[in-house]
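A.B. asks: Build the 3D model from these lines:
(chains A and B)
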Number of protein chains: 2
Amino acid sequence: MALIVQKFGGTSVGSAERIAHVARKVQAACQAGHQVVVVVSAMSGETDRLTGLAKELNPAMPARELDVLLSTGEQVTIALLAMALEQLGQPARSYTGAQVAIRTDGAHSKARIEHIDEAALRAELDAGRVPVVAGFQGVDERGNITTLGRGGSDTTAVALAAALRADECQIYTDVDGVYTTDPRVEPNARRLDKITFEEMLEMASLGSKVLQIRAVEFAGKYAVPLRVLSTFEDGPGTLITLEDDDLMEAPVISGIAFNRDEAQITVAGVPDHPGIASLILGPVGEANIEVDMIVQNVGANDLTDFTFTVHHRDYQRALGVVRAVAKELNAAEVRGSDSIVKVSVVGVGMRSHAGVASRMFAALARDGINIRMISTSEIKISVVIEDKYLELAVRNLHREFGLEGEPTEETV
Amino acid sequence: MALIVQKFGGTSVGSAERIAHVARKVQAACQAGHQVVVVVSAMSGETDRLTGLAKELNPAMPARELDVLLSTGEQVTIALLAMALEQLGQPARSYTGAQVAIRTDGAHSKARIEHIDEAALRAELDAGRVPVVAGFQGVDERGNITTLGRGGSDTTAVALAAALRADECQIYTDVDGVYTTDPRVEPNARRLDKITFEEMLEMASLGSKVLQIRAVEFAGKYAVPLRVLSTFEDGPGTLITLEDDDLMEAPVISGIAFNRDEAQITVAGVPDHPGIASLILGPVGEANIEVDMIVQNVGANDLTDFTFTVHHRDYQRALGVVRAVAKELNAAEVRGSDSIVKVSVVGVGMRSHAGVASRMFAALARDGINIRMISTSEIKISVVIEDKYLELAVRNLHREFGLEGEPTEETV
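C.D. replies: Reported below is the predicted structural model:
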């Protein structure tokens, strides 16, 4: 008998029919002998409907009241799912965030969980009942309702799993697991049986958006085994775990991630002296523009080139900010492009295998793909290339690192 | 400066536009120098939408979960109204039943308020903020969400007014006050400036459904001045108060109430011995059929006739139950009719004026209206007549007791 936390997102509970389907899945886990705690999101569309009403009445949407409003979305779902379980003969009881209690700080709309009182949930489980908990919400020390921000239901599930020392936290979505890359780009993309938290973080932040980064970080920190699986199809999904012996035998590269949403800005010929990076990026940060990659190469003749990437939507604004700074710095030129993409290979195996970078660059060169920018971390290598080469590059790298094979063949 | 509790029902907050209108009304009261606590219901249609979802998933609708579900309706409204007030520059803060806290017993869907902690609300008022409280809901001693049943928002408002010792509890609806009778039946029906709790109870229970009976009883018990007025039109409404010197000069009759929803059943020729009433009504009660009027006349020849009224919808079922009992009792006959109505004259003035009954019966006789059944209380006389005479009887009595005149003329 295992203790499992199951989380179902908005699409999974988007109608009465789907809630009934989720109830049958939960019941099946109970009948298999497991203790189950369920976490649910608001029915899909509900948050947008409520936000629309709020905007009509107060475009500023005061944060405290917005949390009171939006938290009703999950409250509706917990009641309906508990009813659906009871209808199947499976005892269940709903819990709001306040009722659990999931205590957070007072930062409305982006609260952080500080403490979970698991006593009530433990009592429900011991009594043979399924606690159905509202995701995304909590309560601060003065009893105000708070929310954890969009996607916060994943965080709720992981936090509950950590507090209850659950054997597994299962995140049900509309995909059946984490893939080696986007199947819409590479039809041979393959579902991974296992992936480490670190790899998952690099994959997620690079655009393979299956799980909220915050939930993955949380799960990694508390060593909660996390499984991504489909609400609508049966299957083992993908298990996200700590690096273990088993994974030391894993393939060098676990997946190919990419991001089409970036634009690149280069300040060429700037004086190569200390503090130049902060002189350029300071005003960008003050303009509330987020920067992703940053690359600066070794300079020559006391001059250097400084390049960074921003989101597409901030491109023109960032260009304006940087042009003003460049003038002050007597930089030679400001160049930019928003017809670029970032492609990354990710894998913990990279640590123990030399030559991944050269294999990657060689594979791209074979098809004449020019690399404009390179950035590396311990388990990831990212390149910026022209956007027209995206599909070619992803398929190329997927094949180069043998990702299309069966997982069992890879790990043998 | 007065402390006022204002309650707005589902129709009054049925859209974003209407919520904005309510916000302006609340602000006006604040700007007039009053301290205001607001109680709101769910937006009209919301309770039915949620109930529909629940029924789809579990036709039995477990009471605990139904309360969790339905209480979201008011929670949405409090957040939206608080936002609308903030938008107008009027500081406000929403409160769920649990947050106030409105402590109830554990009887889900029909909970009774046991205690209200007014400290938080008092602090908000002292800080110049308007507390916007969710009607209809509370929390039991174990933290379970409860609801007070349909129309419970009126009760919440009165209970808050009692706890805060408010100067007035204003119930905003879609009518501009309590009328001498239904204006759709008697175009000369007139809005009453004042009415006593007792009269209001008799009016409400007899079909002039403006306020929930329970809220009126509650207000009477705690001597909370209650005012019924329109959300959509300006005006003084009707003040419901304890009987006072002022009202001793009031007209004999305050209003004419009627009820079209009843049916009458007579058991004729039953043995006239003790306990006969309970022998007949016992099985009716066991069948969960509510009985309104009960009349038994003095018998002759050891036989008597026993008559009572039930709701239309229970008529056939009640007839079946009574026929079985009548057989056991060797009653001569069971008769019934569902083409009847009940018409009542109500007024505290009746206590000090003899002859109201004979005036009423004479007025009806003049137009050939036969009285089938009579029942009286201290401040009310009800008769059952054929339904086709309803309009004629109401207009007749309205004129007979001089109700069409101006209130000022009446009280002089």
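
A.B. asks: Which secondary structure element is home to whatever residue of the stretch 101-250 of chain A ends up closest to chain B?
C.D. replies: Closest approach of the stretch 101-250 of chain A to chain B (Cβ to the nearest Cβ) occurs at A:Gly143, with a separation of 5.7 Å. C-betas here are computed from N, CA, C, even on glycine. A:Gly143 belongs to no helix or strand when assigned by DSSP states H and E.

A.B. asks: ok, the residue of the stretch 301-412 of chain A at minimum distance from chain B - how many residues close by?
C.D. replies: The stretch 301-412 of chain A approaches chain B most closely through A:Arg313 (27.5 Å), counting by Cβ to the nearest Cβ. A count of neighbours around A:Arg313, defined by other Cβ atoms under 10 Å in any protein chain shown, yields 12.

A.B. asks: Leaving out chain neighbours, which residue sits closest to the residue of the stretch 101-250 of chain A closest to chain B?
C.D. replies: B:Gln99 (5.7 Å; Cβ to Cβ, 6 or more residues apart in numbering or on different chains).

A.B. asks: The one you found: neighbour count?
C.D. replies: B:Gln99 is flanked by 25 other residues according to other Cβ under 10 Å.

A.B. asks: where does it land on pLDDT?
C.D. replies: On the pLDDT scale, B:Gln99 is placed at 96.

A.B. asks: Can you verify it is assigned to a strand?
C.D. replies: No - secondary structure of B:Gln99 (DSSP: H, G, I helix; E, B strand; the rest coil): helix, not part of a strand.

A.B. asks: right, and A:Val210 touches A:Thr173 too?
C.D. replies: Yes - assessed by Cβ atoms under 8 Å, A:Val210 is found in contact with A:Thr173 at 6.5 Å.

A.B. asks: Can you classify the residue of the stretch 301-412 of chain A closest to chain B by secondary structure?
C.D. replies: Applying three-state DSSP: A:Arg313 is helix.

A.B. asks: pLDDT averaged over the helix of greatest length in chain A - what is it?
C.D. replies: Secondary structure of chain A per DSSP state H: the longest helix is helix A:63-87. For helix A:63-87, the mean per-residue pLDDT is 98.

A.B. asks: what's the offset of that helix from the middle of its chain?
C.D. replies: Offset of helix A:63-87 from its chain centre (Cα atoms, centre = their mean, to the nearest Å): 24 Å.

A.B. asks: that older thread, touching both of A:Val210 and A:Thr173, which residues are there?
C.D. replies: A:Val228 (Cβ atoms under 8 Å, 6 or more residues apart in numbering or on different chains).

A.B. asks: okay, now A:Ala134: neighbour count?
C.D. replies: A:Ala134 - counted by other Cβ under 10 Å - has 30 other residues nearby.

A.B. asks: Quick check: phi and psi on it?
C.D. replies: In terms of degrees, to the nearest 10, the main-chain angles of A:Ala134 are phi -70, psi 120.

A.B. asks: ok, now the one 4 residues further on?
C.D. replies: Main-chain dihedrals, A:Gly138, degrees, to the nearest 10: phi -150, psi -160.

A.B. asks: hmm, back to that, correct me, but the residue of the stretch 101-250 of chain A closest to chain B touches A:Ala98?
C.D. replies: Yes - between A:Gly143 and A:Ala98 a contact is recorded at 7.4 Å, counting by Cβ under 8 Å.

A.B. asks: Among those two, which residue is more densely surrounded?
C.D. replies: A:Ala98 (25 against 14).

A.B. asks: quick one: that one and A:Ile145 touch, right?
C.D. replies: Yes - the pair A:Ala98 and A:Ile145 passes the contact test of Cβ under 8 Å, sitting 6.6 Å apart.

A.B. asks: Identify the contacts common to the two.
C.D. replies: A:137-139.

A.B. asks: Which one of those residues sits in the busiest neighbourhood?
C.D. replies: A:Gly138 (31 neighbours).

A.B. asks: Contact partners for it?
C.D. replies: A:97-98, A:101-104, A:111, A:113, A:145-148.

A.B. asks: and it, bridged to which residues?
C.D. replies: A:Gly138 has these beta-bridge partners by DSSP bridges: A:Thr146.

A.B. asks: And A:Leu364, how far from A:Ser337?
C.D. replies: Going from A:Leu364 to A:Ser337 by Cβ to Cβ, to the nearest Å gives 18 Å.

A.B. asks: ugh, wrong one, A:Ile4
C.D. replies: Relative to A:Ser337, and taking Cβ to Cβ, A:Ile4 is found at 48 Å.

A.B. asks: Those two: which is more packed in?
C.D. replies: A:Ile4 (22 against 16).

A.B. asks: low-scoring stretches of the stretch 1-150 of chain A, by residue?
C.D. replies: Counting by pLDDT under 70, the stretch 1-150 of chain A contains low-confidence residues at A:150.

A.B. asks: quick one: the strands in the stretch 1-150 of chain A?
C.D. replies: Taking DSSP state E, counting those that start in this stretch, the strands of the stretch 1-150 of chain A run over residues A:3-8, A:35-40, A:92-95, A:102-104, A:113-116, A:130-134, A:137-139, A:145-147.

A.B. asks: cool, the stretch 251-400 of chain A as well?
C.D. replies: A:255-259, A:262-271, A:291-296, A:303-311, A:333-337, A:340-346, A:373-377, A:380-386.

A.B. asks: Mind checking what secondary structure A:Gly402 has?
C.D. replies: Quick answer, by three-state DSSP: A:Gly402 is coil.

A.B. asks: surely it meets A:Pro251?
C.D. replies: Yes - with contact defined as Cβ under 8 Å, A:Gly402 reaches A:Pro251; the gap is 6.7 Å.

A.B. asks: Tell me which residues touch A:Gly73, please.
C.D. replies: A:41-43, A:46-47, A:50, A:136.

A.B. asks: what's the closest non-adjacent residue to it?
C.D. replies: A:Gly73 sits nearest to A:Ala42 (Cβ to Cβ, 6+ apart), 2.7 Å away.

A.B. asks: A:Phe197 now?
C.D. replies: Using Cβ to Cβ, 6+ apart, the nearest residue to A:Phe197 is A:Gly220, at 3.5 Å.

A.B. asks: ok, now which ones touch the one you found?
C.D. replies: Applying Cβ under 8 Å, 6+ apart, the residues near A:Gly220 are A:197-198, A:201, A:242.

A.B. asks: tell me which element it falls in.
C.D. replies: Per DSSP H and E: helix A:213-221 holds A:Gly220.

A.B. asks: Just the buried positions in that helix, please.
C.D. replies: A:214-220 (16 or more other Cβ atoms under 10 Å in any protein chain shown).

A.B. asks: Off-centre distance for it?
C.D. replies: 9 Å.

A.B. asks: and the next element down the chain from it?
C.D. replies: strand A:226-230.

A.B. asks: Show me what that next one is packed up against.
C.D. replies: The contact analysis (3 or more Cβ pairs under 8 Å, 6 or more residues apart in numbering or on different chains; DSSP states H and E) places strand A:226-230 against strand A:168-173, helix A:213-221, strand A:238-241.

A.B. asks: okay, the residue nearest to A:Phe197: pLDDT?
C.D. replies: 90.

A.B. asks: From A:Glu198, how far off is it?
C.D. replies: A:Gly220 is 7 Å from A:Glu198, by Cβ to Cβ.

A.B. asks: try A:Gly285
C.D. replies: From A:Gly285 to A:Glu198 the distance is 27 Å (Cβ to Cβ).

A.B. asks: neighbour count winner among those two?
C.D. replies: Just comparing A:Gly285 and A:Glu198: by other Cβ under 10 Å the higher neighbour count belongs to A:Glu198, 22 against 12.

A.B. asks: Noted, bye for now.
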